[in-house]
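> Provided below are the primary sequence and the corresponding predicted coordinates.
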Amino acid sequence: MAFVWTLYEEDVMEQHKKTVRLVFLAVLAAIVLLLQFFAGSVKIGPTSFSVVLIPITLGAMLLGPWAGAVLGLLFGVAVTVNGLTGADPFTFALIQYTPFLTIFLCLFKGTCAGFAAGWAYRWVKRINPMAAAVTAAATAPLVNTGIFALGAIFGFRQAFAELFGVDQFWIFLFVTIIGINFLVEMAVNLVFSPALAQVVKAVDKMEKKK
C-alpha cells in the first residue's frame, strides 16, 4: 500500500510540474506577443531591433529547446502579422515583393533562434550555468540575424535594391543589419543574461524543494 501511495504522489508531482511548465510557457508566450505587437522593437533606419529575444531565451533556458522553438515561432508569427498589416513597413515591403519567402523566413529564423538558444544552454550548463546563460543569450540573436542575413543574400538582394534604393547591398547588409541591429540585440541579450541565469537558478531551487 505504501508503495502504491508513493507512486501516486510521484505521479501527482509530475503532473503538477507539467502544469507549471505549461502555465509558464503560456505566460512567456503572452509576453512575446505583447512585446512584439506593442513595445518590442526600436527603429534603426528601415529596420528595427527587438527585445523579444529576451523572453524567448528565458523560455529556452527554463523549459528546453522545443519551448524556445515555440516562443520563437510566435515571435515570427507576430512579425508576419505586423508585416501583413503594414505595422512594420520594412517587412510589409518585403512581403509585397516576395511574400512566400518573407513569411517563411520570419517564421523560420525565430523558431531556429529559440531552439538553438535552448540547445546551447543545455549543452554548456554541464560546464557552468552562468556561461550557459551567456551562451544562450548570444545564440538567439546570432541565429536570428544569421538566418535573416542568408535570406537577404540569396533571396532579397534585388528586393533591397529596388524597394529601398540600396545601391551598395553589402554595405547595407553588414552596416545596418549586422553592424547595428545584430550588435544592439546581442548587447541587450548579454546585459540581461545574468538576470536570466538568476531566474533559472531560483526556479530550479523551487523545484528541488518540492
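Looks like it came in fine.

> Poorly predicted segments of this protein, please.
1-14, 16, 39-49, 163-167, 204-210 (pLDDT under 70).

> Helices of that one, residue ranges please.
2-34, 53-63, 65-85, 89-97, 99-124, 129-151, 157-164, 169-171, 183-209 (DSSP state H).

> most tightly surrounded among these?
Highest mean neighbour count of the helices of the chain: helix 53-63, a mean of 27 (counted as mean count of other C-beta atoms under 10 Å). Every residue, glycine included, has its C-beta placed from N, CA and C.

> Of the helices of the chain, give the one that comes closest to Ile177.
Among the helices of the chain, helix 129-151 comes nearest to Ile177, with 6.2 Å by C-beta to C-beta.

> Now that closest one - C-alpha only, CSV.
Provided in CSV are the C-alpha atoms of helix 129-151 (Å, rounded to 0.1, in the frame of the first residue of the first chain):
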residue,chain,number,x,y,z
PRO,A,129,25.4,27.6,-15.5
MET,A,130,26.4,31.3,-15.9
ALA,A,131,28.4,30.5,-19.0
ALA,A,132,25.4,28.6,-20.3
ALA,A,133,23.1,31.7,-19.8
VAL,A,134,25.6,33.9,-21.6
THR,A,135,25.9,31.4,-24.5
ALA,A,136,22.1,31.1,-24.8
ALA,A,137,21.7,34.9,-24.8
ALA,A,138,24.3,35.2,-27.5
THR,A,139,23.0,32.3,-29.6
ALA,A,140,19.4,33.7,-30.1
PRO,A,141,20.4,36.9,-31.8
LEU,A,142,23.2,35.2,-33.7
VAL,A,143,20.9,32.6,-35.2
ASN,A,144,18.1,35.1,-35.8
THR,A,145,20.3,37.6,-37.6
GLY,A,146,22.4,35.0,-39.3
ILE,A,147,19.4,33.3,-41.0
PHE,A,148,18.0,36.7,-42.0
ALA,A,149,21.3,37.7,-43.5
LEU,A,150,21.4,34.5,-45.5
GLY,A,151,17.9,35.1,-46.7
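
> Next, the angle helix 53-63 makes with it.
130 degrees (axes from the mean of the first three to the mean of the last three C-alpha atoms, to 10 degrees).

> quick one on the thing from earlier: would you reformat the helices of the chain as a markdown table and include distance to Ile177?
Shown next, in a markdown table, are the helices of the chain (distance: least, C-beta to C-beta, whole Å):
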| stretch | distance to Ile177 |
| --- | --- |
| helix 2-34 | 22 |
| helix 53-63 | 15 |
| helix 65-85 | 15 |
| helix 89-97 | 11 |
| helix 99-124 | 12 |
| helix 129-151 | 6 |
| helix 157-164 | 10 |
| helix 169-171 | 10 |
| helix 183-209 | 10 |
